[in-house]
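1. coords please:
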Amino acid sequence: MKINIKPNYARTIITQCFKQAWHSLRYRYILLLSFLPFCCSILLWVVVITLSITHFDWFLHQFPSIWINYALSEGILPKISYYLLIFFATISLVLCGVVLVGICMSIINAFLAPLVVQFVHKTYYPYIRLNAPNFMESLRLSSMLLLKTLLKFIIFSLGCYLLSFIGLGFIGLILGIFVYFQFYCKNLNHDIGISIMSKDSYKLFLQTNRLPLIAINIFIFIPLYIPVLNCFIATWQMLVLTHYMFAWYGENHSNEANAYIEDAVIVE
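-> Here you go, the predicted model:
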């Protein structure tokens with residue numbers, strides 16, 4: 001079975017999904033669901049920042065020693081270099097914090113995803129029949145994928161960390177962003193997908209929506225690196241993906257195959 005996704009159609013659906021996601025944030029139930037990841041994010045950031053400040057020298061020493069020695073020497077240019085090193089070390093600190101918080105959020109997302117999907121299904125797409133595993137089976141599948149991808153993430157992260165031994169620690173952190181992107185998005189997409197459709201349908205969804213899904217993931221991934229804002233977006237990310245997957249699933253697997261996302265029922 002092969003389903004071709006036209007670029008114009010995908011662009012229209014993605015735009016509608018973001019609009020529907022923002023609309024969904026107005027519901028009290030969604031705000032309540034957002035409270036847990038928000039509190040966890042704040043708590044984790046307090047811990048990460050506290051520990052990072054006390055070990056800030058470690059971030060500075062991720063740069064080549066020749067840079068550090070020059071920045072500690074006398075003169076105007078070395079002084080500027082010193083502040084630049086502090087600036088980039090702070091960025092490194094934030095990147096590490098984002099990764100650690102994101103790993104914890106991936107665990108929370110596994111529990112929240114079925115609840116978000118249930119809300120979106122009931123509110124916007126009641127005409128679509130779900131074909132997802134039960135809640136416990138979904139948690140089991142999500143846990144298995146999380147452990148598998150986390151192991152790969154740790155291995156690749158260690159490879160990036162080894163760059164610090166040759167004075168390229170900051171570059172290793174930048175490369176770690178791409179490794180983290182794959183880890184976080186793969187788990188988030190899976191949590192939403194198996195709450196809507198069967199494993200076979202989800203595999204088909206990934207095969208036929210690769211480019212649109214990459215575009216969506218990039219858009220919802222970027223805010224993770226904005227301090228404070230990243231504490232509020234966990235539920236919004238799930239809403240965007242849920243609306244998009246329902247749009248695809250409703251068209252290709254529902255009895256009402258001609259139902260598009262713009263025809264979704266909106267309950268005020």
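
2. Please count neighbours and contacts with C-alpha atoms only from this point.
-> Will do.

3. so where do the strands sit in the protein?
-> For the chain, applying DSSP state E gives no strands.

4. Go ahead and measure how far the helix ranked longest in it is from the middle of the chain.
-> If you go by DSSP state H, the chain has its longest helix at helix 76-124. Mean-position distance between helix 76-124 and its chain equals 9 Å (C-alpha atoms, centre = their mean, to the nearest Å).

5. Show me what it is packed up against.
-> Judged by 3 or more C-alpha pairs under 8 Å, 6 or more residues apart in numbering; DSSP states H and E, the packing partners of helix 76-124 are helix 28-54, helix 56-60, helix 65-71, helix 135-161, helix 169-193, helix 234-252.

6. Check the ones you listed for me and report the most buried one.
-> Highest mean neighbour count of the helices and strands packed on helix 76-124: helix 234-252, a mean of 23 (counted as mean count of other C-alpha atoms under 10 Å).

7. so how far is it from its chain's centroid?
-> The gap between where helix 234-252 is centred and where its chain is centred comes out at 14 Å by C-alpha atoms, centre = their mean.

8. which other residues reach it?
-> Identification of contacts with helix 234-252 by C-alpha atoms under 8 Å, 6 or more residues apart in numbering yields 13-14, 17-18, 20-22, 24-25, 30, 33-34, 37, 105, 109, 113, 116-117, 120-121, 125, 128, 188-189, 192-193, 196-197, 205, 216, 220, 256-261.

9. thinking again about what came up before, the longest helix of the chain to helix 169-193, inter-axis angle?
-> Here the directions of helix 76-124 and helix 169-193 differ by 0 degrees (axes from the mean of the first three to the mean of the last three C-alpha atoms, to 10 degrees).

10. Please state the mean pLDDT value computed over helix 76-124.
-> Mean pLDDT, helix 76-124: 86.

11. How about stretch 186-194?
-> Mean pLDDT, stretch 186-194: 93.

12. What of stretch 162-177?
-> In this model, stretch 162-177 has a mean pLDDT of 75.

13. Straight-line length of it, end to end?
-> 15 Å (C-alpha to C-alpha, to the nearest Å).

14. which residues touch it?
-> For stretch 162-177, contacts defined as C-alpha under 8 Å, 6+ apart pick out Q62, F63, P64, S65, F88, S92, L95, C96, F156, S157, C160, Y161.

15. burial measure for P78, as a count.
-> By the criterion of other C-alpha atoms under 10 Å, P78 has 17 neighbours.

16. what about it, distance to K148?
-> Distance, P78 to K148, using C-alpha to C-alpha: 45 Å.

17. just R26 next, same as before
-> With the distance defined as C-alpha to C-alpha, R26 ends up 35 Å from K148.

18. swap in I222?
-> According to C-alpha to C-alpha, I222 stands 24 Å off from K148.
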